[in-house]
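Student: Sharing a sequence plus its predicted fold:
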Number of protein chains: 2
Amino acid sequence: MPDPALLARLSAAVDANFDAEVAFLADLVRFPSTRGNEAPLQDWLARQFAARGYAVDRYTLAEVPLAAHPKASPMVDARADASVQVVATHRARDPAGRSLILQGHIDVVPEGPAAMWTHPPYAATIRDGWLYGRGAGDMKAGVAAMVFALDAIRAAGLEPAADLHLQTVTEEESTGNGALSTLLRGYRADAVLIPEPTGGAITRCHTGTLWFRLRVRGVPVHVAVAQTGTNAILSALRLIQALQRYTAALNRAAKAHPWYRDVPDPIKFNPGIIRGGDWASSTPAWCEVDCRIGLLPGTEVAEARRGVERCIAEAARDDAFLANNPPRIEWHGFLADGYVLEPGSEAERVLAAAHAPVFGAPMEERRSTAVNDTRFYGLYFGIPGLCYGPRGEGAHAFDERADLAHLRKTTLVLAAFIADWCGLRPARGAG
Amino acid sequence: MPDPALLARLSAAVDANFDAEVAFLADLVRFPSTRGNEAPLQDWLARQFAARGYAVDRYTLAEVPLAAHPKASPMVDARADASVQVVATHRARDPAGRSLILQGHIDVVPEGPAAMWTHPPYAATIRDGWLYGRGAGDMKAGVAAMVFALDAIRAAGLEPAADLHLQTVTEEESTGNGALSTLLRGYRADAVLIPEPTGGAITRCHTGTLWFRLRVRGVPVHVAVAQTGTNAILSALRLIQALQRYTAALNRAAKAHPWYRDVPDPIKFNPGIIRGGDWASSTPAWCEVDCRIGLLPGTEVAEARRGVERCIAEAARDDAFLANNPPRIEWHGFLADGYVLEPGSEAERVLAAAHAPVFGAPMEERRSTAVNDTRFYGLYFGIPGLCYGPRGEGAHAFDERADLAHLRKTTLVLAAFIADWCGLRPARGAG
């Protein structure tokens, strides 16, 4: 924990800069950075980082040998060469402290029917202490926090004594390939902190995620003789029901998991997109369902895939048509492991020490049923991954929003964490 | 039944012209006249009819007061002003016989994934006596038959002694508004014959059809907390299952129907198109299902609609979310009655007498579980509606095809029917 005088100095700097931080967050939210459309925001961020004096590395996923890494996920509906990543680096003179990566994703999920939003999804409306918009919580507020934590340190006339990489990535919502690419490009540190909207809790563990697309065929006929054809929509429903039963079985088994035994139904299955058929009076010839299912830490991705494949194969075997026309499974996104941040790391201890004085309470832990990008660091590169950030509500929902008062405190926690983890020195050129 | 000499004369004329008839059918099939795209084919047909000397009335549905008629169906996904109808009229000098309408629809249902066709859907490939293509059977072969039946009469130096309207209409596959429009525009006759692909059987009765679009909302949330949201796709599945149960109950009741007691499950329910959701890892906020359900002759459309509405309302009532967010039902197409061609009509007797010598067997009857356009004539305008035509296979399916040998015979039956129903005279200007 920073000494009270330093904490007060950082707090004053965060406060002095907070209007600018909120304006920055509003700017972020106004970019509709859904998948495939992140580049303009990344270009803007690269300029923001350059203006602050960081060394900026801007590249696309096409420039990184992702395919060679066993933990890269397939990108079926997105172009690698349009997926821009940004790494802004503070290189310390004579590095003394511990190096750090601060990373946030700036891709957002689709906003859905705009009419269902109270405030337009990309208007960044502020009301009663909340900033509304798609991505406001997940996780543009966290991005604002990490950028302005460093700004506060600079405003206080200081700078980190160790190397620090400030990274904005894409693909967090679909593959994780953005985060993985920074590692494949060579960026490393003694810890990573990803300020997802955790409400000030440390993420003890997160589940993995698989994405798959079911493709079902049917035999189209005039509905007058529907019994002579098959209906691909109804076949898809049968497979969805089989996956629901399979998920229920997985959740029964989860009651024995060391980290998830107390989380009700931690494995979530979701048919998220469906499309099928061409005509109301013809039995549909095709149906596609984009699905997501979780897996617990300790389950291999390959094992989880086999489980899904077995479930579909068994359901198809029980159906006269599907038995001879097996559904296809396309793995079209996430093939992500779960991850446990083992208790007792020095990084977590330092973060907890920064959290407590700012919030006046100990840092709590959460066990997440969604994936995040820390897994790449913790599982494959031996770098402890802290997933900790401000409070948001409505991730992936209508009226998603970020809590501005909480954001201010989180920004200070991050500044204090940097102070203790990296160490601080008088800034170059500072008075 | 025409005397054998006249039948032989007509038969020779049909045969002499049959290559041209097949070429005409192939031309028809090459037009991809799916809903909204019929106009080019109608323009071409109007020119064909004008070249044969008919008086041609070409108009769009926007020019007819459809909305004022209680049996018009809503056209949600099509433009009335793009829906071209063609009526070609033979006006008899001193009309002597019975007037006749010959009508065919030239709209076809979507071809679905082209890769699933053995022969391309609009290539009109001929193999082993069959002509393949979307609409070849349903019902462009019938259109060719009615046009070339009249051509044979002319080629034999004859013409109908009564007025005859040769009509090509649209919307048969979605509303029936094309056929209805010809009646609202004033065309009447003593009988109508619609050469749908019945395989040489007379259609004793047909079921009615309702189209409706279910619109279901969900509460989108991150799938990590799926239990706090609702999944519109899963809600739609629940409604589909309720409609399946409802249909099963209707089919149990159908066992007491005078015309359908011996037809297994005559009421067909079909979810034909589905679309919903935006993201695999968000519970979907919306799902839409385009459905079709049948109704038996004697059931009022209003009563059938109420039955569907009640089924959906009851299913929604049993669901915590749907009870407060009731699904919407949009009636977006067919609101069609079923129809029975009561046995004993003179028109049917004359048709059967024309059929028997050509096929060497009595005309059989069929009880159809799909709608056709004869209902408008029989139910609302007191005109007996004969639905009788050539053999086709694969209506609404892949590799739809028309049986060319059967088409030749059907063309002769139609010529013979015209001879007996309208009477024939030496043609004006004929030697």
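Tutor: Happy to help now that I have it. This structure is a prediction, so every number in the text was calculated from the model and none was measured.

Student: A:Phe321: which element?
Tutor: helix A:320-324 (DSSP states H and E).

Student: On the three-state scheme, A:Leu131 is what?
Tutor: Following DSSP: H, G, I helix; E, B strand; the rest coil, we place A:Leu131 in the strand state.

Student: what does A:Asp15 give?
Tutor: Per three-state DSSP, the local secondary structure of A:Asp15 is helix.

Student: count of residues packed around the nearest residue to it once chain neighbours are set aside?
Tutor: Distances taken as CB to CB, 6 or more residues apart in numbering or on different chains put A:Arg408 closest to A:Asp15, at 7.3 Å, once the chain neighbours are dropped. In this view, the C-beta of every residue, glycine as well, is placed from N, C-alpha and C. When neighbours are defined as other CB atoms under 10 Å in any protein chain shown, A:Arg408 has 20 of them.

Student: again with A:Pro160
Tutor: A total of 26 residues lie near A:Pro160 under the criterion other CB under 10 Å.

Student: Can you tell me who it pairs with across the strands?
Tutor: Applying DSSP bridges to A:Pro160 yields these beta-bridge partners: A:Leu424.

Student: Next, find the distance separating it from chain B.
Tutor: Taking CB to the nearest CB, to the nearest Å as the measure, A:Pro160 falls 33 Å from chain B.

Student: quick one: contacts for the residue of the stretch 151-300 of chain A found nearest chain B?
Tutor: Per CB to the nearest CB, the residue of the stretch 151-300 of chain A with the smallest distance to chain B is A:Ala224, at 3.3 Å. Under the criterion of CB atoms under 8 Å, 6 or more residues apart in numbering or on different chains, the contact list for A:Ala224 reads B:Thr207, B:Lys268, B:Ser368, B:Thr369, B:Ala370, B:Ala395.

Student: A:Arg98 against A:Pro160, yeah?
Tutor: No. Here A:Arg98 lies out of contact with A:Pro160, judged by CB atoms under 8 Å, at a distance of 9.7 Å.

Student: Spit out the contact partners of A:Arg261.
Tutor: A:Arg261 makes contact with A:Ala254, A:Lys255, according to CB under 8 Å, 6+ apart.

Student: by how many degrees do the longest helix along chain A and helix B:232-254 diverge?
Tutor: Longest among the helix segments of chain A by residue count, using DSSP state H, is helix A:232-253. Between the axes of helix A:232-253 and helix B:232-254, defined by axes from the mean of the first three to the mean of the last three CA atoms, to 10 degrees, the angle is 120 degrees.

Student: residues near A:Arg93, how many?
Tutor: Taking other CB under 10 Å as the definition, A:Arg93 ends up with a neighbour count of 9.

Student: give the contact list for the residue nearest to A:Asp15.
Tutor: A:Val14, A:Asp15, A:Phe18, A:Glu21.

Student: make it 10 Å
Tutor: A:Arg408 is in contact with A:Ser11, A:Val14, A:Asp15, A:Asn17, A:Phe18, A:Glu21, A:Val22, A:Ala145, A:Phe148, A:Val358, A:Pro390, counting by CB atoms under 10 Å, 6 or more residues apart in numbering or on different chains.

Student: where's it relative to chain B, distance?
Tutor: 24 Å.

Student: and that residue, what pLDDT?
Tutor: In this prediction, A:Arg408 carries a pLDDT score of 98.

Student: tell me which element it is part of?
Tutor: A:Arg408 is part of helix A:404-422 when elements are defined by DSSP H and E.

Student: Quick check: buried residues in that helix?
Tutor: Of the residues in helix A:404-422, those scored as buried under the neighbour-count criterion (16 or more other CB atoms under 10 Å in any protein chain shown) are A:404, A:406-422.

Student: go on, stretch A:12-27?
Tutor: Of the residues in stretch A:12-27, A:Ala13, A:Val14, A:Asn17, A:Phe18, A:Glu21, A:Val22, A:Phe24, A:Leu25, A:Ala26, A:Asp27 count as buried by neighbour count, 16+ other CB under 10 Å.

Student: cool, stretch A:36-45 as well?
Tutor: When burial is assessed from 16+ other CB under 10 Å, stretch A:36-45 yields the following buried residues: A:Glu38, A:Ala39, A:Leu41, A:Gln42, A:Trp44, A:Leu45.

Student: Please identify which residue in the stretch 51-200 of chain A comes closest to chain B.
Tutor: Residue nearest to chain B within the stretch 51-200 of chain A: A:Pro110 (3.9 Å; CB to the nearest CB).

Student: returning to that earlier point: residues shared between the contacts of A:Arg98 and A:Pro160?
Tutor: Counting by CB under 10 Å, 6+ apart, the shared contacts of A:Arg98 and A:Pro160 are A:Trp421, A:Cys422, A:Gly423.

Student: Quick check: the first one touching A:Ile101?
Tutor: No. Taking contact to mean CB atoms under 10 Å, the distance of 11.0 Å between A:Trp421 and A:Ile101 leaves them out of contact.

Student: Overlap of the contact sets of the two?
Tutor: Common contacts of A:Trp421 and A:Ile101 (CB under 10 Å, 6+ apart): A:Leu164, A:Ala189, A:Asp190, A:Ala191, A:Leu193.

Student: What about the last one, how many residues nearby?
Tutor: By that I understand A:Leu193. 28.

Student: Quick check: it is in a helix.
Tutor: No. Assigned with three-state DSSP, A:Leu193 falls outside any helix and is strand.

Student: OK, contacts around it?
Tutor: A:100-104, A:142, A:146, A:149, A:347, A:351, A:374, A:377, A:384-389, A:414, A:417-418, A:421.

Student: what comes up buried for the lowest-mean-pLDDT helix or strand in chain A?
Tutor: Ranked by mean pLDDT, DSSP states H and E, the helix or strand of chain A with the weakest confidence is helix A:320-324, at a mean of 89. Judged by neighbour count (16+ other CB under 10 Å), helix A:320-324 contains these buried residues: A:Phe321, A:Leu322.

Student: after that helix comes which helix or strand?
Tutor: Heading C-terminal from helix A:320-324 (DSSP H and E), you reach strand A:328-330.

Student: Report whether that next one contacts chain B.
Tutor: No. In this structure, strand A:328-330 remains apart from chain B according to CB under 10 Å from any CB of the partner chain; the gap is never smaller than 11.7 Å.
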